[in-house]
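In: Quick one, structure for this:
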Amino acid sequence: MKPVLSVEEMRAVDADALEHVSEETLVERAGTAVATEALRLAGGAYGRRVTVIAGKGNNGADGRVAARRLARRGARVDVVAADVAPDRIGVGSGVGLVVDAAYGTGFRGEYKAPSVPAGVLVLAVDTPSGIDGDTGEAHGEPLRADVTVTFAAYKPGLLQGDGPAHAGRVVVADIGLDVSRARTWIVEDDDVEGRLPPRQRSAHKWQTAVAVVAGSPGMTGAARLCALGAYRAGAGMVRLGVPGSDPDELPVPEAVATALPERGWAEAALAMAERCRVVVVGPGLGRSPDTAEEVHKLLARFPGVVVVDADGLFALGTGDEARRALTVCSGQVVLTPHEGEFSRLVGSPPGADHVDATRRAAARLGAVVLLKGPTTVVADPAGDARLVTSGSPRLATAGTGDVLSGVAGAFAARGLAPLDAAALAAHVHGAAARLGSPEGLVAGDLPDLVARWLSARRRG
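Out: From the prediction side, this is the model:
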């Protein structure tokens, strides 16, 4: 996993470092890293024309160091002060690279960057000037960088809001800072290989059993997707109950179908899940008052992990009602809302900073919260967070969330702690979608793609 530090956390890391090394040394290291990446981006230095937009703070100091190093390598470098920069840079001058070192993560206010002609490369220092380092919000008219060189760790603003569109490719430069205090991490492919327990030689189906309570009469598609997601992600047994539906009509022949009454089904669902480590509840259940009551009963009495999605989230209620419902849970809970469901659960929208909002929601609700989005954020009540960047617009189609809840349930059943189960499930869900069709991917494609992706990554 790659560390992520907020602006405040980064300031604390810098302050600690200054007890052992001078500020001049850190600036020299940062500027050298910028120059190194500029050489890669421009394809060399000799004869290249480079303009560095430099502010008055450390960001500008980093840019000036980079300018000196590029000049020593033969580049023709102009350093322009950010507060008197012209409206346009590079027009008809042969400039091939602009280094944006105007303002760093601490900038507040509006920044109107000089315009840069098409074809001129842009490299941003730490964050593109005018992009909030925490939220990713664009304040003013920032440049869109081809590459951003950031130091020691990612910043949240490079991963959410307008940040990704303005940052381009992000390079994290090691300048000798200690980032071990990070509480937020980006999930990578290798984390799945390293953390997801393989099946042992002595494994049997009940060791990784998942119960799915989903669907309703005539609406079994969500239940099917959830159950298949769990199976393809490694559940050894899936017990499936659709309240009010005939077990003979359930759409997943591999799942063990259990009859659940249309009303008052919690008792039967608990009996169905007795030998299961995890219950996934919610997709396609409907939103009747009786459904809400039964979801509450299930949460109060099931001792394992419960993954709550879709109509299960609606059943929890809103604000204080949801918090009260979750305080009486017997086991651990994973909530998987999209932004609208999050707003209802918490009582307000997540706002610009999804990382902070998800962390606060998890603490308030006493559950792991997975907030879906272009960058998915997963946080636990203790304040640890994971960011998932593998998703893509391919997943913006009905039913993909049902598959995700099944995958998360399977990963929890395989022994992962709820935070890791949810985060790795979201990563695999996004990575698997990239194996599918760029156009026309449907949720029903995903379970097989999940199995294919996991199989390809499994060593041995």
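In: which residues in the stretch 51-200 of the chain form helices?
Out: For the stretch 51-200 of the chain, the helices defined by DSSP state H, counting those that start in this stretch occupy 58-72, 163-167, 189-195.
In: And for the second one, what's in contact with it?
Out: Translated: helix 163-167. Counting by CB atoms under 8 Å, 6 or more residues apart in numbering, helix 163-167 makes contact with 124, 127-128, 131-132, 136, 138, 142-145, 148, 156-158, 374-375, all of which sit outside it. Any C-beta I mention is one placed from the backbone N, CA and C, and that applies to glycine too.
In: in the chain, what secondary structure element scores lowest on mean pLDDT?
Out: The helix or strand of the chain with the lowest confidence, counting by mean pLDDT, DSSP states H and E, is strand 256-258 at a mean of 86.
In: the inter-axis angle of the longest helix belonging to the chain versus helix 58-72?
Out: Secondary structure of the chain per DSSP state H: the longest helix is helix 23-42. Per axes from the mean of the first three to the mean of the last three CA atoms, to 10 degrees, the angle that helix 23-42 makes with helix 58-72 is 60 degrees.
In: Now do helix 23-42: which elements does it pack against?
Out: When contacts are defined as 3 or more CB pairs under 8 Å, 6 or more residues apart in numbering; DSSP states H and E, helix 23-42 packs onto helix 58-72, strand 97-101, strand 121-125, strand 147-151, strand 169-173.
In: just to revisit the earlier point, mind listing which of the contacts of helix 163-167 are in strands?
Out: Secondary structure defined by DSSP state E assigns Ala124, Thr148 of the contacts of helix 163-167 to strands.
In: Any quick ChimeraX command for the buried ones out of the contacts of helix 163-167?
Out: Burial among those is assessed by 16 or more other CB atoms under 10 Å; the matching ChimeraX selection reads:
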select :124,127,128,131,132,136,138,142,143,144,145,148,156,157,158,374,375
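In: re the thing from before, contacting residues around the longest helix of the chain?
Out: Contact partners of helix 23-42, identified using CB under 8 Å, 6+ apart, comprise 14, 17-18, 45, 48, 50, 58, 61-66, 68-70, 73, 75, 96-97, 99, 101, 121, 123, 125, 146-147, 149, 151, 171, 173, 175-177.
In: filter the residues you listed to the buried ones?
Out: Of the contacts of helix 23-42, these count as buried by 16+ other CB under 10 Å: 17, 45, 48, 50, 58, 61-66, 68-70, 75, 96-97, 99, 101, 121, 123, 125, 146-147, 149, 151, 171, 173, 175, 177.
In: count of residues packed around Glu24?
Out: Neighbour count for Glu24, taken as other CB atoms under 10 Å: 10.
In: Report the separation between it and Gly55.
Out: Per CB to CB, to the nearest Å, Glu24 is found 17 Å from Gly55.
In: Give me the below-cutoff pLDDT ranges for this structure.
Out: For the chain, applying pLDDT under 70 flags the ranges 92, 202-203, 250-251, 459-460.
In: Please repeat the previous calculation with a cut-off of 50.
Out: 460 (pLDDT under 50).
In: and stretch 364-376, how far apart are its ends?
Out: Stretch 364-376 has an end-to-end distance of 19 Å (CA to CA, to the nearest Å).
In: before we move on, what about stretch 45-54?
Out: By CA to CA, the extent of stretch 45-54 from end to end equals 19 Å.
In: again with stretch 123-138
Out: One end of stretch 123-138 to the other measures 17 Å (CA to CA).
In: Now find how far off-centre it is within its chain.
Out: The chain centroid and the centroid of stretch 123-138 are separated by 18 Å under CA atoms, centre = their mean, to the nearest Å.
In: returning to what we had before: need the helices and strands packed on helix 23-42 in CSV with distance to Ser115, can you?
Out: Supplementary listing: the helices and strands packed on helix 23-42 in CSV, determined by distance: least, CB to CB, whole Å:
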stretch, distance to Ser115
helix 58-72, 19
strand 97-101, 10
strand 121-125, 11
strand 147-151, 19
strand 169-173, 22
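In: out of the ones you listed, which comes closest to Ala367?
Out: Between Ala367 and the helices and strands packed on helix 23-42, the shortest separation by CB to CB is 30.8 Å, and it involves strand 169-173.
In: Now do the closest one: everything it contacts.
Out: For strand 169-173, the surrounding residues in contact (CB under 8 Å, 6+ apart) are 2, 30, 33-34, 37, 146-154, 158.
In: How about stretch 194-206?
Out: Residues outside stretch 194-206 that contact it (CB under 8 Å, 6+ apart): 208, 234, 236-237, 275, 411, 414-416, 420, 424, 454, 458.
In: give me that answer again for 7 Å
Out: With contact meaning CB atoms under 7 Å, 6 or more residues apart in numbering, stretch 194-206 is reached by Gly236, Met237, Arg275, Phe411, Arg414, Gly415, Leu416, Asp420, Leu424, Arg458.
In: Next, the distance between the ends of that stretch.
Out: 23 Å.
In: how far is that stretch from where the chain is centred?
Out: Mean-position distance between stretch 194-206 and its chain equals 26 Å (CA atoms, centre = their mean).
In: Equivalent analysis for stretch 269-286, please.
Out: Here stretch 269-286 is found 26 Å from its chain centre; the criterion is CA atoms, centre = their mean.
In: Can I get that stretch in PDB, CA atoms only?
Out: What follows is stretch 269-286, C-alpha atoms only, in PDB (Å, rounded to 0.1, in the frame of the first residue of the first chain):
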ATOM      1  CA  ALA A 269     -32.400 -16.000   8.200                       C
ATOM      2  CA  LEU A 270     -30.400 -16.300  11.400                       C
ATOM      3  CA  ALA A 271     -31.000 -20.100  11.400                       C
ATOM      4  CA  MET A 272     -29.900 -20.200   7.700                       C
ATOM      5  CA  ALA A 273     -26.700 -18.300   8.700                       C
ATOM      6  CA  GLU A 274     -25.900 -20.300  11.800                       C
ATOM      7  CA  ARG A 275     -22.800 -21.900  10.300                       C
ATOM      8  CA  CYS A 276     -21.800 -18.900   8.200                       C
ATOM      9  CA  ARG A 277     -19.000 -16.500   9.100                       C
ATOM     10  CA  VAL A 278     -20.600 -13.600   7.200                       C
ATOM     11  CA  VAL A 279     -24.100 -12.300   6.200                       C
ATOM     12  CA  VAL A 280     -24.600 -10.000   3.300                       C
ATOM     13  CA  VAL A 281     -28.000  -8.200   3.600                       C
ATOM     14  CA  GLY A 282     -29.900  -5.700   1.500                       C
ATOM     15  CA  PRO A 283     -29.600  -5.900  -2.300                       C
ATOM     16  CA  GLY A 284     -33.100  -5.900  -3.700                       C
ATOM     17  CA  LEU A 285     -34.900  -6.500  -0.400                       C
ATOM     18  CA  GLY A 286     -37.400  -3.600  -0.800                       C
END
